[in-house]
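Trainee: could you look at this predicted model? Sequence included:
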Amino acid sequence: MSAVDRRPPHEVRAAAVRALFSLALTLVALIVATLASYAGSGLLAPALLLMALGVFGTAWSLLEILISRQIAAQRLRGPNSASPLAGSREPRRRPAGRRAPLESSRVWR
């Protein structure tokens, strides 16, 4: 399976969705704060507070994406392995037609 076709784990996708929602909330708060400042409305202070919380939430979510990607990569790697996917490889199987000789069937001369 190539790296392009492989889907990220569930934790990474969930963190990306949370980051996208947080970014959307921040952009809406930015637009509301801009319009409230033009209109001289009382919504400016709550919009700025919501925008600051949105920036914090977006940064937190992006950090969560990075951490969950690292955890998923370590889970794929396996214990005590040097290569990235050594833990996920299946052992090689021998062809069905040829079998290795059994140790007890050896004839010692």
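Mentor: Yes, it's here.
Trainee: when you work out contacts or count neighbours from here on, use the C-alpha atoms and nothing else.
Mentor: OK.
Trainee: please, where are all the helices along this protein?
Mentor: Ranges of helices in the chain, per DSSP state H, are 10-39, 44-77.
Trainee: can I get these in JSON lines including mean pLDDT and mean neighbour count?
Mentor: Putting these into JSON lines (pLDDT from 0 to 100; neighbours: other CA atoms under 10 Å) gives the following:
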{"stretch": "helix 10-39", "mean pLDDT": "94", "mean neighbour count": "17"}
{"stretch": "helix 44-77", "mean pLDDT": "91", "mean neighbour count": "17"}
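Trainee: distance check, residue 36 against residue 29.
Mentor: 10 Å (CA to CA, to the nearest Å).
Trainee: mind listing what residue 25 touches?
Mentor: With CA atoms under 8 Å, 6 or more residues apart in numbering as the criterion, the residues that contact residue 25 are 51, 54.
Trainee: can you rerun that using 7 Å?
Mentor: Contacts for residue 25 were tallied using CA atoms under 7 Å, 6 or more residues apart in numbering; they are residue 54.
Trainee: repeat for residue 48
Mentor: Residue 48 makes contact with residue 33 under the criterion CA under 7 Å, 6+ apart.
Trainee: phi and psi next, for residue 41.
Mentor: With angles defined as degrees, to the nearest 10, residue 41 sits at phi -90, psi 160.
Trainee: burial of it, as a residue count?
Mentor: Residues contacting residue 41 under the criterion other CA atoms under 10 Å number 11.
Trainee: tell me the pLDDT at it?
Mentor: What the model reports as pLDDT for residue 41 is 89.
Trainee: how much space between it and residue 60?
Mentor: 30 Å.
Trainee: next: residue 68.
Mentor: Distance of residue 68 to residue 60, given as CA to CA: 12 Å.
Trainee: swap in residue 22?
Mentor: For residue 22, the distance to residue 60 under the criterion CA to CA works out to 9 Å.
Trainee: also residue 31?
Mentor: Relative to residue 60, residue 31 is positioned 21 Å away (criterion: CA to CA).
Trainee: thank you, goodbye.
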